[in-house]
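Asker: model this:
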Amino acid sequence: MNKVELIVAVQKKLDSTKADAERAVNAVIDGIKAGVKKTKTVQLIGFGTFKVASRKARIGVNPKTGEKIRIKASKTVKFGAGKQFKELL
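Answerer: Numbers count the residues shown, from 1 in each chain. This next block holds a predicted model:
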């Protein structure tokens with residue numbers, strides 16, 4: 001499912017216009033981004049948790065040349081599915 005398909009699903013669930021559904025989806029995504037940036041964690045009970053995780057610096061290999069390259073330390077976001085969400089799978 002991509003974002004457009006999610007918007008259509010929300011539209012059907014809310015019985016609203018596509019524009020309203022798109023605003024709702026965008027608001028949720030923006031809220032998650034702001035929450036992760038501010039508090040480093042967003043927990044949605046029954047769905048899952050978004051957390052900031054750190055990646056250590058490491059040595060990688062350029063696939064074209066085989067040359068070793070240094071990859072800087074960085075931050076990323078990880079998602080852990082909640083218990084109820086896992087049970088659906």
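
Asker: any idea how far residue 7 lies from residue 35?
Answerer: Using CB to CB, to the nearest Å, one gets 21 Å for the distance from residue 7 to residue 35. Yep, even glycine has a C-beta here, placed from its N, CA and C like the rest.

Asker: Who has more neighbours out of these two?
Answerer: Applying other CB atoms under 10 Å to residue 7 and residue 35 shows that residue 7 carries more neighbours, namely 19 against 15.

Asker: Would you check that that one makes contact with residue 19?
Answerer: No - using CB atoms under 8 Å as the test, residue 7 is too far from residue 19 to be in contact (9.5 Å).

Asker: helix/strand/coil for residue 24?
Answerer: When the structure is reduced to helix, strand and coil (DSSP: H, G, I helix; E, B strand; the rest coil), residue 24 reads as helix.

Asker: surely it meets residue 6?
Answerer: No - in this structure residue 24 lies outside contact range of residue 6 using CB under 8 Å: 10.1 Å.

Asker: which ones are touching the closest residue to residue 14 other than its chain neighbours?
Answerer: Nearest residue to residue 14 in three dimensions, chain neighbours excluded: residue 21, at 6.3 Å (CB to CB, 6 or more residues apart in numbering). Counting by CB atoms under 8 Å, 6 or more residues apart in numbering, residue 21 makes contact with 7, 8, 10, 11, 14.
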